[in-house]
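Novice: compute the structure for the input listed below.
(chains A and B)
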Amino acid sequence: DAKTTQPNSMESNEEEPVHLPCNHSTISGTDYIHWYRQLPSQGPEYVIHGLTSNVNNRMASLAIAEDRKSSTLILHRATLRDAAVYYCILRAMEYGNKLVFGAGTILRVKS
Amino acid sequence: NAGVTQTPKFQVLKTGQSMTLQCAQDMNHEYMSWYRQDPGMGLRLIHYSVGAGITDQGEVPNGYNVSRSTTEDFPLRLLSAAPSQTSVYFCASSYFGTGHGANVLTFGAGSRLTVL
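Specialist: Below you'll find the predicted structure:
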């Protein structure tokens, strides 16, 4: 399984944008880049995913490097509710693939 | 639409006891999986299944058994509980395909297990 590398923790001010980086230098051509987050005392929830092109949804944006060896999750205006652990994961397109999580990035948001 | 339902939410066991954590989903997802999360740690994959009758090991399978007799259910069995199995357990499911929602995991609320 291709691995991802994320910073252990990051801090942001409320109402400011947050850029959460993820390195995945061994990504294969069929790996999607997934982001999940886990709020305190809750189960993980899906945030966004993409393959090659940048993606936007109501929660966040995903910027994928041209060589796909790194990506950045962008929260446009961080709120206190965005304080969570953010996981960047690779998942192959092929049928039968599993999803393995890393340690993630703890995002702290200051008011 | 219930999504992924885990029972029980909380359980306390004594060392050596056995129990089953239940996981059910009503979304007709082929893929189901179990993770454990120890305090301050990330999620570790225990077992997963890509369809009824098919199961495989994840990162930390020792001490756990699974079966998948139906598409909807994926129970996790602890045959002889140990204190090292004290953790929060999450079940998750997804469907395979190429659509936008394909391969996106839906998680249950978790089951907190304490082994004394």
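Novice: tell me how far the residue sitting nearest the centre point of chain B lies from chain A.
Specialist: Centroid-nearest residue in chain B: B:Trp34, 2.7 Å away (criterion: CA atoms, centre = their mean). B:Trp34 is 11 Å from chain A, where distance means CB to the nearest CB, to the nearest Å. Where you see a C-beta, it was placed from the backbone N, CA and C, and this is true even at glycine.
Novice: host element of that residue?
Specialist: strand B:31-37 (DSSP states H and E).
Novice: contacting residues around the spatially closest residue to B:Gln17 that is not a sequence neighbour?
Specialist: Take B:Gln17 and drop its neighbours on the chain: the residue closest to it by CB to CB, 6 or more residues apart in numbering or on different chains is B:Ala81, 5.2 Å away. Residues near B:Ala81 by CB atoms under 8 Å, 6 or more residues apart in numbering or on different chains: B:Leu13, B:Lys14, B:Thr15, B:Gly16, B:Gln17, B:Ser18, B:Met19, B:Leu113, B:Val115.
Novice: related to what we said a few turns ago, can you tell me the element the nearest residue to the residue nearest to the centre of chain B once chain neighbours are set aside falls in?
Specialist: Excluding the flanking residues, the one nearest B:Trp34 by CB to CB, 6+ apart is B:Ile46, at 4.4 Å. Assessed by DSSP H and E, B:Ile46 sits inside strand B:43-51.
Novice: can you report phi and psi for the residue nearest to B:Gln17?
Specialist: phi -60, psi 140 (degrees, to the nearest 10).
Novice: tell me how far it lies from chain A.
Specialist: B:Ala81 is 22 Å from chain A, by CB to the nearest CB.
Novice: list the contacts of the strand holding B:Ile46.
Specialist: A:44, A:87, A:95-96, A:98-101, B:30-38, B:55-61, B:64, B:66, B:68, B:71, B:74, B:76, B:89-90, B:96.
Novice: in strands only, show me those.
Specialist: A:87, B:31-37, B:55-57, B:64, B:66, B:76, B:89-90 (DSSP state E).
Novice: can you read off the pLDDT for B:Pro39?
Specialist: On pLDDT, B:Pro39 comes in at 86.
Novice: hang on, the earlier thing: taking the ones in strands among the contacts of strand B:43-51 together, which two end up most distant?
Specialist: Across the ones in strands among the contacts of strand B:43-51, the longest distance by CB to CB is 23.8 Å; it joins A:Tyr87 and B:Thr55.
Novice: can I get stretch B:4-24 in CSV? Just the C-alpha atoms.
Specialist: Output in CSV follows, covering the C-alpha atoms of stretch B:4-24 (Å, rounded to 0.1, in the frame of the first residue of the first chain):
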residue,chain,number,x,y,z
VAL,B,4,-23.8,1.9,9.5
THR,B,5,-25.1,0.7,12.8
GLN,B,6,-22.8,-0.6,15.5
THR,B,7,-23.8,-2.4,18.7
PRO,B,8,-23.2,-2.2,21.6
LYS,B,9,-21.9,1.3,22.1
PHE,B,10,-20.2,0.4,25.3
GLN,B,11,-19.0,-2.9,26.7
VAL,B,12,-16.9,-4.0,29.7
LEU,B,13,-15.4,-7.5,29.6
LYS,B,14,-13.2,-9.5,31.9
THR,B,15,-10.0,-11.0,30.6
GLY,B,16,-10.8,-14.3,28.8
GLN,B,17,-14.4,-13.6,28.0
SER,B,18,-15.7,-13.6,24.5
MET,B,19,-18.0,-11.3,22.7
THR,B,20,-19.2,-10.1,19.3
LEU,B,21,-19.4,-6.5,18.1
GLN,B,22,-22.1,-6.2,15.6
CYS,B,23,-22.0,-4.0,12.5
ALA,B,24,-24.9,-3.7,10.0
